[in-house]
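Asker: Here you go, sequence then predicted model.
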2 protein chains.
Amino acid sequence: MSRVNKSQYAILGLLSKRPMSGYDMKRLLDRMSGFYWSESNAQLYPVLKKLAQENKVTSALDPASGARNRIIYTITNAGLDFLKEWLLQPVDRACYREEMILKVSLGHNINKKELMRHLKDYSDDLQAQKKQRDKVQRHIETDHVGRDDQLYLMMTYDFSEKVIDAKLAWCEETLKKLETA
Amino acid sequence: MSRVNKSQYAILGLLSKRPMSGYDMKRLLDRMSGFYWSESNAQLYPVLKKLAQENKVTSALDPASGARNRIIYTITNAGLDFLKEWLLQPVDRACYREEMILKVSLGHNINKKELMRHLKDYSDDLQAQKKQRDKVQRHIETDHVGRDDQLYLMMTYDFSEKVIDAKLAWCEETLKKLETA
DNA sequence: CGTGTCATGTAATCAGTTACATGATTCA
DNA sequence: TGAATCATGTAACTGATTACATGACACG
């Protein structure tokens, strides 16, 4: 169960909210779910086709898109059942590779200065993530009122807030240690 | 640069500390680095062979192992240079898929009770990780004194402590929210 | 009229996984 | 003597990535 295609569940999950196109999904994932999920186009489109073949989604050309041939996908009952079944399965252990931490653990091989530069870059990246996260969270707070997924989305953003802050605190602390060491 | 074989760097990193066998590496990774890195045997052994072919490591049968044919790998200067070069490269963005959080974000599709069960399991798993982490950290504090990698190992364990605690706090908070919602 | 966004895809590649195989040694 | 650990590996598969390709439309 641990090496099945997970993209399909993320896709069905998006479609469980509302019908949309592959392009919509990519945009949503990039802008809103970057903290915990991502997909590449090369995965997204073939998986959508596969899901359509399996009758887990239906597809229809959006007439409003004209010659752009925008395809709107809609989840079917079978697709929803399939998604719900997965949602009930035990969660696979996540994220087993953290490159930044591997590099820190091997810090004895490089100059302190270089390691500190990595930490600063990492910290900057986290700050940017935090900013983006805050923006999305405010958006959810205001625009998703009354929607049945608002509560759950807020929870995911609480998660990323706590984790990002913990990592930032670690960066600061570690940089101080390296300065004085 | 972002889709090259990262296992080789983890392996060279271990060998930058001391010569050891593939089995040693697997054991070390499982017991000590589970929070930020893992390898499977099916990746470990072929990569070791590749590194030997490229003269980044040398291999020698451990005569003390008798018929078990334990192979001790030692990093070469070329291997060390290769590792250091990578250590200086910018760090790749980590961990882009957190299955637990994907499931929470799709919580509107399942019963609150089921979601709470996931959260409890997740929390239990984190508690176990924390316990294991504490054990390893104590081990590093006492047994690595004076070693040039002690400082850096302590930093990695500080990281996992902060992150695990943040996730645990989120679990507790989120469970409370779900109870009252 | 050119740049950016909308929109869907394919080709080539490979990193990494699961499952399996094999045999020695230790120790209760 | 049988289970656990030590120790090294292979086969088969596939999920996912990078890079590339194509064309419509909006806009300034």
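Answerer: Ah, there it is.
Asker: Report the separation between residue A:63 and residue A:22.
Answerer: 17 Å (CB to CB, to the nearest Å). C-beta coordinates here come from the backbone N, C-alpha and C atoms, glycine included.
Asker: Those two: who's more crowded?
Answerer: Using other CB atoms under 10 Å in any protein chain shown as the criterion, residue A:63 and residue A:22 rank with residue A:22 on top: 20 against 8.
Asker: Now name the helix or strand holding the residue of chain A at minimum distance from DNA strand D.
Answerer: Relative to DNA strand D, the nearest point of chain A is residue A:42 (2.7 Å; CB to the nearest atom of the strand). In this assignment (DSSP states H and E), residue A:42 forms part of helix A:41-53.
Asker: Flag every buried residue along the next helix or strand after that helix.
Answerer: Using DSSP H and E, the next helix or strand after helix A:41-53 towards the C-terminus is strand A:57-61. Neighbour counts over strand A:57-61 (16 or more other CB atoms under 10 Å in any protein chain shown) mark residue A:57 as buried.
Asker: Could you list every helix and strand that strand A:57-61 packs against?
Answerer: helix A:41-53, strand A:71-75 (3 or more CB pairs under 8 Å, 6 or more residues apart in numbering or on different chains; DSSP states H and E).
Asker: and residue B:100, which of the ones you listed is closest to it?
Answerer: Each of the helices and strands packed on strand A:57-61 has some distance to residue B:100 by CB to CB; the shortest is helix A:41-53, at 20.6 Å.
Asker: centre of the chain versus that closest one, how much separation?
Answerer: 18 Å (CA atoms, centre = their mean, to the nearest Å).
Asker: what about it and DNA strand C, touching?
Answerer: Yes. Residues of helix A:41-53 contacting DNA strand C under CB under 7 Å from any atom of the strand: A:41, A:42, A:45, A:46, A:48, A:49.
Asker: Most neighbours out of those residues, which is it?
Answerer: Of these, with other CB under 10 Å as the count, residue A:48 tops at 22 neighbours.
Asker: Now that we're looking at residue A:91, what pLDDT does it have?
Answerer: Residue A:91 is assigned 89 on the pLDDT scale.
Asker: mind checking which helix or strand it is in?
Answerer: With DSSP H and E as the test, residue A:91 turns up in no helix or strand.
Asker: ok, the nearest residue in space to residue A:69 that is not next to it in sequence - contacts?
Answerer: Among residues not flanking residue A:69 along the chain, residue A:61 sits closest, at 6.2 Å (CB to CB, 6 or more residues apart in numbering or on different chains). Counting by CB atoms under 8 Å, 6 or more residues apart in numbering or on different chains, residue A:61 makes contact with A:69, A:70, A:71, A:72.
Asker: Just the buried residues of those residues.
Answerer: Counted by 16+ other CB under 10 Å, these give A:70, A:71, A:72 as buried.
Asker: With distance to residue A:53 added, can I get the residues you listed in TSV?
Answerer: Formatted as TSV, those follow (distance: CB to CB, whole Å):
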residue	distance to residue A:53
A:70	20
A:71	14
A:72	17
